[in-house]
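Visitor: Show me the folded form of this:
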Amino acid sequence: MTPDLQDTAFPADAIEVGRIGDAWGIKGWIKVQSYSANADALFASRRWFLKSAEDKGPAVVVKAQSLPPLLKILACRDHGDTIVANAEGVADRNAAEALRGARIFISRSLFPNANPDEYYWVDLIGLAVVNREGEALGAVLGLMDTGPHSVLRIAPAGAVEPIKPEQERLIPFVAAYVLDVSLEKRQITVDWGLDY
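Guide: Residues are numbered from 1 along each chain as shown. Just a heads-up that it's a prediction; the model follows:
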């Protein structure tokens, strides 16, 4: 085992990317539900950190059994409309079923580089949004996938979930409205008026 795979400390930059659904077959493979239609981060990483569905802290338990803090992924691939994976130490169906419901986290530093003019949603959340006149519209609270394109959910500065619908601005994340995204400046410039 390589040294970096021996380190089971939960990364400070961990991002939740999916959930283990069920066992697949009898040889310890698992089905994975990716939170993204593009599961490149799951495919690229061979280190998946786990937490139970209920876990918000360091103790991790699923169905009263200890959940490993880290899975070393030996193989991961698309299989129809799902993803299947095989992990070291998960040798049979019973071991795979014991992982059911576990949340999968990957270090953000291990995500593949995005193509030019493409962004991971997690990198956009929290960015300030200004219009072309320099007027502040708020900050990105989240994004919605509408099928054809994503939509930025913009909340007033300092607002936290839950946001009332009348407080929120929804701006399509398309070139017609999004003029510039600067991750370095932590700012998105849009063609959007204060009165929209």
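
Visitor: okay, N115: pLDDT?
Guide: Model confidence at N115, given as pLDDT, is 85.

Visitor: Could you look up the SS state of it?
Guide: With DSSP: H, G, I helix; E, B strand; the rest coil as the basis, N115 sits in coil.

Visitor: Ranking helices and strands of this structure by mean pLDDT, which lands last?
Guide: Counting by mean pLDDT, DSSP states H and E, the chain has its least confident helix or strand at strand 61-62, which shows a mean of 40.

Visitor: can you list the domain ranges for the chain.
Guide: When the chain is parsed with automatic domain parsing, its domains come out as 11-110, 121-190.

Visitor: How far away from the center of its chain is the longest one?
Guide: If I follow you right, that is domain 11-110. 13 Å (Cα atoms, centre = their mean, to the nearest Å).

Visitor: out of the domains of the chain, deepest packed?
Guide: domain 11-110 (a mean of 16; mean count of other Cβ atoms under 10 Å). Every C-beta, even on glycine, is put in place using the N, C-alpha and C of the backbone.

Visitor: Quote the end-to-end distance of that domain.
Guide: 11 Å (Cα to Cα, to the nearest Å).

Visitor: Next: stretch 52-70.
Guide: By Cα to Cα, the extent of stretch 52-70 from end to end equals 12 Å.

Visitor: same check, this time on stretch 161-172
Guide: End-to-end for stretch 161-172, by Cα to Cα: 20 Å.

Visitor: got a list of contacts for it?
Guide: If you take Cβ atoms under 8 Å, 6 or more residues apart in numbering as the criterion, stretch 161-172 is touched by 129, 137-138, 141, 144, 149-156, 159, 177-178, 190, 192, 196.

Visitor: out of these, which are inside helices?
Guide: Using DSSP state H, no member of the contacts of stretch 161-172 falls within helices.

Visitor: and the closest residue to G28 other than its chain neighbours, what helix or strand is that in?
Guide: In space, and not counting its chain neighbours, G28 is closest to V90: 4.2 Å by Cβ to Cβ, 6 or more residues apart in numbering. For V90, there is no host helix or strand (DSSP states H and E).

Visitor: What helix or strand is A85 located in?
Guide: A85 belongs to strand 82-87 when assigned by DSSP H and E.

Visitor: what are the pairing partners of that strand, and which direction each?
Guide: Sheet pairing of strand 82-87 (DSSP bridges) gives strand 29-34 (antiparallel), strand 70-79 (antiparallel).

Visitor: Put together a markdown table for those, with mean pLDDT and distance to R46 on each row.
Guide: Formatted as a markdown table, those follow (pLDDT from 0 to 100; distance: least, Cβ to Cβ, whole Å):
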| stretch | mean pLDDT | distance to R46 |
| --- | --- | --- |
| strand 29-34 | 95 | 14 |
| strand 70-79 | 94 | 5 |
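
Visitor: Would you mind giving those strands as CSV with distance to S109 added?
Guide: Converted to CSV, those look like this (distance: least, Cβ to Cβ, whole Å):
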stretch, distance to S109
strand 29-34, 19
strand 70-79, 15
